[in-house]
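*Asks:* next input, structure requested:
(chains A and B)
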Amino acid sequence: MTLPQSNHSNLTTWLAPLCVVALALLAHVMGTRLVGDYAQKIALDCGIAVIAAVSLTVVNGFTGQFSIGHAAFIAIGSYVSGAITYYTLLALVGTSLSEPSLLGARQFLLAASCIVAGLVAAGVGFVVGLPSLRLRGDYLAIVTLGFGEIVRVLLQQTGPQVFFDEWETASIPIIPPPLGGALGFVSLPKLTNIFWLFLFVGVALLAAFRLKYSTHGRAMIAIREDETAAQSMGVPVTKLKVRAFMFGAFFAGIAGALYAHSGATLRPVDAGFQRSFDVVMMVVLGGLGSISGAALAAIIITISGEWLREPTHLWHLGLGVVAIRLLLAAFDVGPGRTKLLRSLVYIVGFVALVELARFLAIKADIRLGDYRMVLFALVLILLMIFRPNGLFGIHEIWEFFKKDKRA
Amino acid sequence: MTLLDADNLAISFGGLKAVQNFSVQLSRGALHGLIGPNGAGKTTCFNLLTGVYVPQSGSIRLAGQKLVGKSPDQIALAGLSRTFQNIRLFPDLSVLDNLRVAMHLREKISLFGSLLRTRKHRMTEADQTGRALELLRFFSMHERAGDLARNLPYGDQRRLEILRAIATAPKLILLDEPAAGMNPAEKLDLARSIRRIRDELGLTVLLIEHDMTLVMDLCEEITVLDYGQIIAAGKPTDIKSDPKVIEAYLGLPADSSPETNTDVA
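*Replies:* As a prediction, this is how the structure comes out:
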């Protein structure tokens, strides 16, 4: 029989990474020329959230191991890379103040610190994962929760940060490391720019997709589907769980590193369960196991979190969504004409509800931004009612555009 | 030539002696049946052989290799594969991917090789797909390769589970009630398929089955379990007339009951 040969796969081996670089460059040029600082900042937040969500998808979505300590890996990444760039710049240049440039020497320092941060996080993931991933379900969730709290407390116990004026005189202790303790780790160089961020977003997405569509990824997903059956078919369950955990921790560490250099103050609470749940929420909302779903959910959650601070008109967006929905129906692709009316009613109803809320709030002189966490929770509840399996379920976005793929 | 040599296996759960003194020898190419009333310990024997349970005593050798103490995935690698009494496919994976998962254990490609999409990775993928499609042809299921396993009709799910077990490239395959829930026509078809697995693929088969016509027709050797112990073993014709087997399945004939009553008294 003839094997399904595909010559173009040879091309994608190199083309896909090149596309990632090209797209990151394009995004950088467009981002810095066309939009303001605020929009750029939101783009940075979105990108970091995407990397975090995609990295957790590999653990929660592929192998089905419910980890709620993911923020600990992000925090480890951010502290490790922050320490590297902050103290390197302090020692070499004397100041940590930096403005992002496209390809300056400092940007390569950032890139290197990202990789180191990822490797450290992956190493911690190995140490934590090896004993705990033998547990199933709730037990693993509790262990990962505990791990997050341990990291939080350890970060609180770190020594005071060394600033420039003390740099020459003070003896710098290695234990505990000078990472600011409960006061937080401040004045980190603002090195994260759109190019490097999008580069890492692209690498994370590419790696996750390539993992998913490989023999290793399929074996991981088989563990989610039926662990006993997978093991009986020769899938080395513990080994693959640990690998998925390390893979997730690696990119979580990179997300943390990029976050640390986006002008943030690092605090020990960043490692706590509150942040972990933020990431879990993105993965669950996107659909367990769907990379594109997790990425989209990360973007939606980040943007809506910002939008709720000062809710503006939504009807433009509503019109746009309605137009897309009608186009899909016209060409009968994706969801096509099935449930067209119902989905239109949902979209219009949602926009009308938001506009009504805005109108009433203005009349009653209430600042909706003060209630954003309540509204946010409300949106989540609605989403879970109407899409209980997340936005895309276990599918990737393009699978909705293929005919009779999902019977 | 002996392929599987299980000797004196025993396991008890608390005070319940689930299986005792279970021994079975399979020669290469054998078609062996394991029967017994409900709760006799047949599936427990399968679980002992495949490493789901660790036997408290006894030894298992597959082609000379010791299996006791190995994990299920290592035992699969050693060449022993199985199906489950209740179908345990990977429901949200495609039919093709269900088979490709079962091929993972013998792949040499590293995780980094896959991430970098090396030549070896592409060869592995193409080779897996090709072999999976070939396997599907074996049961004429290749047209359903892209369907999700959960969407297959019941009979096809059973067949896919057998194919998945074959995809691990085993020496011995254990089938746990493969005909459960099938109608007579499907059973006949299944019996033919199982014989083809042995004849065309050269696999050794050990199966648990409740359908006596199927077992008597298909198997060359039969082991009968009751209350965790072997009560009979031999050719189907001998098993059919064995009084102990008849007793286990049908109870004692009416005229012999006073005898046992005196025992109890």
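*Asks:* got a list of what residue A:197 touches?
*Replies:* Shown in contact with residue A:197 (C-beta atoms under 8 Å, 6 or more residues apart in numbering or on different chains): A:24, A:43, A:44, A:47, A:48, A:258. For every residue, glycine as well, the C-beta is placed using N, CA and C.
*Asks:* nearest to chain B, of those residues?
*Replies:* Among the contacts of residue A:197, residue A:24 lies closest to chain B (C-beta to the nearest C-beta), at 18.6 Å.
*Asks:* any idea how far residue B:183 is from the closest one?
*Replies:* With the distance defined as C-beta to C-beta, to the nearest Å, residue A:24 ends up 59 Å from residue B:183.
*Asks:* give me phi/psi at residue B:174?
*Replies:* For residue B:174, the backbone dihedrals (degrees, to the nearest 10) come out as phi -100, psi 120.
*Asks:* okay, strands next: where are they in the stretch 51-200 of chain A?
*Replies:* In the stretch 51-200 of chain A, no strands are found when defined by DSSP state E, counting those that start in this stretch.
*Asks:* what about residue 55, how many residues nearby?
*Replies:* In the absence of a named chain, chain A is used. Neighbour count for residue A:55, taken as other C-beta atoms under 10 Å in any protein chain shown: 30.
*Asks:* meant chain B, my bad for not saying
*Replies:* Neighbour count of residue B:55, defined by other C-beta under 10 Å: 24.
*Asks:* grab the nearest non-local neighbour of it.
*Replies:* Once flanking residues are discounted, residue B:55 sits nearest to residue B:9: 4.5 Å by C-beta to C-beta, 6 or more residues apart in numbering or on different chains.
*Asks:* can you tell me how far that neighbour is from residue B:20?
*Replies:* Separation of residue B:9 from residue B:20 (C-beta to C-beta): 8 Å.
*Asks:* who has more neighbours out of these two?
*Replies:* Neighbours were counted for residue B:9 and for residue B:20 using other C-beta under 10 Å; residue B:9 has more, 23 against 18.
*Asks:* okay, and the beta partners of the more buried one?
*Replies:* For residue B:9, the beta-bridge partners are residue B:22 (DSSP bridges).
*Asks:* for chain B, what is the nearest residue in chain A?
*Replies:* Closest to chain B within chain A is residue A:234: 3.0 Å, counting by C-beta to the nearest C-beta.
*Asks:* quick one, phi/psi of that residue?
*Replies:* Residue A:234 adopts backbone torsions of phi 90, psi 10, taken as degrees, to the nearest 10.
*Asks:* and the residue nearest to it when sequence neighbours are not counted, how many residues sit next to it?
*Replies:* Nearest residue to residue A:234 in three dimensions, chain neighbours excluded: residue B:105, at 3.0 Å (C-beta to C-beta, 6+ apart). Burial of residue B:105 is recorded as 20 neighbouring residues (other C-beta under 10 Å).
*Asks:* what's the pLDDT at the spatially closest residue to residue A:189 that is not a sequence neighbour?
*Replies:* Excluding the flanking residues, the one nearest residue A:189 by C-beta to C-beta, 6+ apart is residue A:98, at 4.0 Å. In this model, residue A:98 is scored at 70, pLDDT.
*Asks:* residue A:268 too?
*Replies:* Residue A:268 is given a pLDDT of 94.
*Asks:* just checking, it touches residue A:183?
*Replies:* No - the criterion here is C-beta atoms under 8 Å, and residue A:268 misses it with residue A:183 at 9.6 Å.
*Asks:* any low-confidence regions in the stretch 201-350 of chain A?
*Replies:* For the stretch 201-350 of chain A, applying pLDDT under 70 flags no range at all.
*Asks:* what does it have sitting close to chain B?
*Replies:* When proximity is defined as C-beta under 8 Å from any C-beta of the partner chain, the stretch 201-350 of chain A approaches chain B at A:207, A:210-211, A:214-219, A:221-222, A:225-226, A:228-237, A:243, A:289.
*Asks:* next, the buried residues of stretch B:174-193.
*Replies:* Neighbour-count burial for stretch B:174-193 flags B:174, B:175, B:176, B:177, B:178, B:179, B:180, B:182, B:187, B:189, B:190, B:191 (criterion: 16 or more other C-beta atoms under 10 Å in any protein chain shown).
*Asks:* kindly report the same for stretch B:137-146.
*Replies:* Residues B:138, B:139, B:141, B:144, B:145 are the ones in stretch B:137-146 that count as buried (16+ other C-beta under 10 Å).
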